[in-house]
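# I'll drop the sequence and a predicted model, then ask my questions.
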Amino acid sequence: MVIGVLERARCWQVIAFTLAMLGCQIDSKLGAGRASVVSGQSAGELDPAVVVIRDQLRGLCTGTLISPRVVLSAKHCVQEPLRSEPSDPGQFSVGFGTDVDELNAEISVTTIRTTPGMYDVIAGRIDGSLVGEDLSLLVLAEPAPVRSIPLRRSSVDERIRDRTPFWIAGFGERPGFDAGERFRTSTVISSSEGAVLFGPPAVCRGDSGGSLISSEREVVAVSSFSNNACGFGRNAYTAVFDFVDMIEEVVADADRCVPGSLERCDGIDNDCDGEVDEGCRAIGEDCQHDEECSSLQCVGQPSVCRQSCDPLSPRLGCPAGYYCDRVDSGVGQCARGSAGGRSYGVACADDVDCESLHCAPDREGITRCYDPCIPGRGSCLGGEVCSGSAGAESCVAAAQDMRAFGEPCDHSSMCASGRCFIELGSMYCTRDCVGDGACPSGYHCRTTDGEGQCVRGYRSGLGAPCVRSGDCVEGLLCISEGDVAWCAPPCEEGSGRADGAQTCPSDYICEDANGRQVCIPERLPLWGRCRDDNDCASRTCRSIGPVGDRRCTRSCRTTNPCDTGFVCLRDAGDGVAACVSTRHLNGQLEGGGCAVSARPAYGGWGILIVFGWLLLRRRRGGSS
């Protein structure tokens, strides 16, 4: 299903972007289309609560098990345009497993509930009750064979500001690859409008209904629509916290306990005795069958209860009091323990000694706290490479050997790919690409003279840093002022125009840039010269480089990479990592977008913005 231009007025009845619904498509193999997480990795058994929803008439979507008998998905997956009610539950089933052709179980659907109201798609425009309301709940005929994921009941505004990473999984194709296997990737949320959260490209058609999940393993939002083709533009998600009452009502009705019934290892009180999962075995205890374990995984010889997880994110996917212990390259299992206080590079004896939960030997055999990595993912920080024995690879200071993707280089002969990317003060190994989906998570495909190369940073949304306009999502320009650049849409004071120009969102003002009106942030973007945290949109002002040279920045790590034009560097003193402009590394001030020229150098612009913000607040009757 393709949805075209939505107009964005003063409310969310109309939105100004070209949007493509992440829906279904005919496929010769299934009789229905499939699409998957962009540039993801095979999820294997990491995300058993992420399920496939089969529609016998229209195709398939993704969903998430949020209670033993309830699956959360998108409204447009189960309700057609101009219909006031969802489709017949009998045409849907929910599959559990890692591949749509080799499911471990498939359960029929008995009841479906959606947010109220109709929606329509007319001449490429979404009207009605869908944007910000794209949620559905499917009740299963019997309890699911896997453990559910709980809801987050509060907003994530602070995590949006801090660019905290989330993860998402789905079934189907990546750009250029066939569909069917469950894949996962990490992403961030760059902005929000009401109940709609926006982020860089991470999902495609068919991933609709898949959940955005926090590091605490809580469902935050549901995949809804995108403003471009698979691997490009930005994605939109419907936040769940405004709909908790509706969701809990359906869950309570579906999962009512039955006195005298058999207690299952499913996270609820099945037999009404006031206890949950009594008799279920904890992680690490002996077992004979999956159903005996609270994790629903009984593996090994001798058999014990285990829970799979992602070793690159040790804090993710395990119960409280556990972390993800790396047992092989890319393979992890939950183990007892929590993060210690030792920082990067400090000697350690065990994973739990480290803030990173990864203790591994350095080149001299001394075990130290490092960040875990997998070669070729390009996730290490600036000046570091992924090195070490298989299963214990760590991000360490670069040595003079052949470099993998994303690792620093001086010339192309140092790179396994034969491509050393050079831009401003940053040099690292890259590879050719066609579309963002061909690049690892945390990178996007920049095309120059018809040739594409993977460059650091997700494709940037409103207010995010850029080097040239091709780094921004469609419809945004790269605006530069001195050594600061950000993505912004064209604008004009007043109502939107037919040519796509629009009024600026909150926290932005409409100003002239080389004869064209663009949106400028009221607070300083990344790398703006600042006095304190309140000057910065990121709320972080730090001294970087020369004494007194205070700049707006943000924290970063391997799972939360910096934006385009920035590199994540550790402070030599405290080991804390922050985003540093690559322009700062060699003093170059070149950019790739429209220069805001009718002003003095950046320092003057910074003063103008600060005073402009104060005046604007005064006109609005607010206060700082």
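Looks like it arrived, so ask away.
# What does Phe243 show for phi and psi?
The phi/psi pair for Phe243 (degrees, to the nearest 10) reads phi -120, psi 20.
# residues contacting the nearest residue to it once chain neighbours are set aside?
Leaving aside its chain neighbours, Phe243 sits nearest to Leu135 (5.6 Å; criterion: CB to CB, 6 or more residues apart in numbering). All C-beta spots, glycine's among them, are computed from the backbone N, C-alpha and C. By CB atoms under 8 Å, 6 or more residues apart in numbering, the contact set of Leu135 is 72-75, 114-115, 222, 238, 240, 243, 246-247.
# if I pick Pro75, what's in contact with it?
One correction, residue 75 is Lys, not Pro. Residues counted as contacts of Lys75 (CB under 8 Å, 6+ apart) are 86, 114-115, 119, 130, 133-136.
# Quickly name whichever of the residues you listed is closest to Glu355.
For the contacts of Lys75, the closest approach to Glu355 (CB to CB) belongs to Leu135, at 36.5 Å.
# want to try CSV for the contacts of Leu135, with pLDDT, distance to Gly330 and secondary structure as columns?
Putting the contacts of Leu135 into CSV (pLDDT from 0 to 100; distance: CB to CB, whole Å; DSSP: H, G, I helix; E, B strand; the rest coil) gives the following:
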residue, pLDDT, distance to Gly330, secondary structure
Leu72, 96, 28, strand
Ser73, 95, 29, strand
Ala74, 91, 30, coil
Lys75, 92, 35, helix
Thr114, 93, 38, strand
Thr115, 92, 38, coil
Val222, 93, 28, strand
Thr238, 91, 31, strand
Val240, 92, 30, coil
Phe243, 91, 35, helix
Met246, 91, 38, helix
Ile247, 91, 34, helix
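# Share the number of residues neighbouring the nearest residue to Ile366 once chain neighbours are set aside, please.
Leaving aside its sequence neighbours, Ile366 sits nearest to Ala347 (CB to CB, 6+ apart; 6.2 Å). Residues lying near Ala347 (other CB atoms under 10 Å) number 12.
# Need phi/psi at the residue nearest to Leu57 when sequence neighbours are not counted.
Excluding its sequence neighbours, the residue lying closest to Leu57 (CB to CB, 6+ apart) is Gln91, at 5.5 Å. The phi and psi values for Gln91, taken as degrees, to the nearest 10, are phi -90, psi 0.
# can I assume Gln91 is in contact with Gln56?
Yes - applying CB atoms under 8 Å as the test, Gln91 and Gln56 come out as touching, 4.6 Å apart.
# What ranges does the stretch 351-500 of the chain have for its strands?
Ranges of strands within the stretch 351-500 of the chain are 359-361, 367-369, 384-387, 394-397, 420-423, 426-429, 443-448, 451-456, 477-481, 484-488, based on DSSP state E, counting those that start in this stretch.
# Give me whichever of those is most buried.
Most buried of the strands of the stretch 351-500 of the chain by mean neighbour count (mean count of other CB atoms under 10 Å) is strand 484-488; its value is a mean of 29.
# measure Cys257 to Val250 for me?
Distance, Cys257 to Val250, by CB to CB, to the nearest Å: 16 Å.
# Between those two, point out the one with more neighbours.
Taking neighbours as other CB under 10 Å, Cys257 and Val250 compare with Val250 leading, 21 against 14.
# Give me the pLDDT for the more buried one.
For Val250, the model assigns a pLDDT of 91.
# Same question for Gly231.
Looking at Gly231, its pLDDT stands at 58.
# before we move on, what about Trp613?
In this prediction, Trp613 carries a pLDDT score of 26.
# quick one, helices of the chain?
Taking DSSP state H, the helices of the chain run over residues 157-161, 244-254, 582-586, 602-620.
# Pull out the buried residues from the first one.
Of the residues in helix 157-161, those scored as buried under the neighbour-count criterion (16 or more other CB atoms under 10 Å) are 159-160.
# Asp353 and Ser343 touch, don't they?
No - when contacts are counted by CB under 8 Å, Asp353 is not listed as touching Ser343 (10.5 Å).
# more crowded one of the two?
The residue with more neighbours, out of Asp353 and Ser343, is Asp353; 20 against 14, by other CB under 10 Å.
# Nearest residue to that one in space, please, no chain neighbours.
Distances taken as CB to CB, 6+ apart put Gly340 closest to Asp353, at 4.3 Å, once the chain neighbours are dropped.
# contacting residues for that neighbour?
By CB under 8 Å, 6+ apart, the contact set of Gly340 is 348, 352-355.
# Low-confidence ranges, the stretch 251-400 of the chain, go.
Applying pLDDT under 70 to the stretch 251-400 of the chain flags the ranges 329, 364, 400.
# Most distant residue from the centre of the protein?
Distance from the centre of the chain peaks at Gly260, with 43.1 Å (CA atoms, centre = their mean).
# and the residue nearest to that one when sequence neighbours are not counted, what does it touch?
Excluding the flanking residues, the one nearest Gly260 by CB to CB, 6+ apart is Asp271, at 6.4 Å. Residues counted as contacts of Asp271 (CB under 8 Å, 6+ apart) are 257-263.
# Quick check: Asp271 vs Phe183, distance?
Counting by CB to CB - Asp271 and Phe183 are separated by 38 Å.
# What residues are bridge-paired with the residue lying closest to Cys348 once chain neighbours are set aside?
Once flanking residues are discounted, Cys348 sits nearest to Cys359: 4.0 Å by CB to CB, 6+ apart. According to DSSP bridges, the residues that bridge with Cys359 are Cys369.
# Show me where the stretch 51-200 of the chain dips below the pLDDT cut-off.
Across the stretch 51-200 of the chain, the ranges flagged by pLDDT under 70 are 121-128, 172-180.
# any chance you could map the strands in it?
Here the stretch 51-200 of the chain has its strands, by DSSP E, counting those that start in this stretch, at 59-67, 70-73, 92-96, 105-114, 119-122, 125-128, 136-140, 166-171, 182-187, 191-193, 196-199.
# Nearest to Ile149, out of the strands of the stretch 351-500 of the chain?
With CB to CB as the measure, strand 443-448 is the member of the strands of the stretch 351-500 of the chain nearest Ile149 (27.7 Å).
# so what secondary structure elements neighbour the closest one?
Other helices and strands packing on strand 443-448, by 3 or more CB pairs under 8 Å, 6 or more residues apart in numbering; DSSP states H and E, are strand 451-456.
# who are the neighbours of the strand it packs on, in terms of helices and strands?
Other elements packing on strand 451-456 under the criterion 3+ CB pairs under 8 Å, 6+ apart are strand 420-423, strand 443-448.
# So which residues make contact with that strand?
Strand 451-456 is contacted by residues 378, 405-406, 419, 421, 423, 426, 428, 430-435, 438-440, 442-446, 471, 561-562, 564, 566-567 when judged by CB under 8 Å, 6+ apart.
# Averaged pLDDT, that strand. What do you get?
Rounded mean pLDDT across strand 451-456 is 89.
# who wins for proximity to Val276 among the strands of the stretch 51-200 of the chain?
Among those, strand 59-67 sits nearest to Val276 (CB to CB), with 12.4 Å.
# Okay, angle between the closest one and strand 182-187 too, please.
70 degrees (axes from the mean of the first three to the mean of the last three CA atoms, to 10 degrees).
# Put the alpha carbons of strand 59-67 into CSV.
Output in CSV follows, covering the C-alpha atoms of strand 59-67 (Å, rounded to 0.1, in the frame of the first residue of the first chain):
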residue,chain,number,x,y,z
GLY,A,59,-0.3,-10.6,3.2
LEU,A,60,1.6,-10.3,6.4
CYS,A,61,2.8,-7.9,9.1
THR,A,62,5.0,-8.1,12.2
GLY,A,63,3.7,-8.0,15.8
THR,A,64,4.9,-8.3,19.4
LEU,A,65,3.6,-10.6,22.1
ILE,A,66,2.8,-8.4,25.1
SER,A,67,1.0,-11.0,27.2
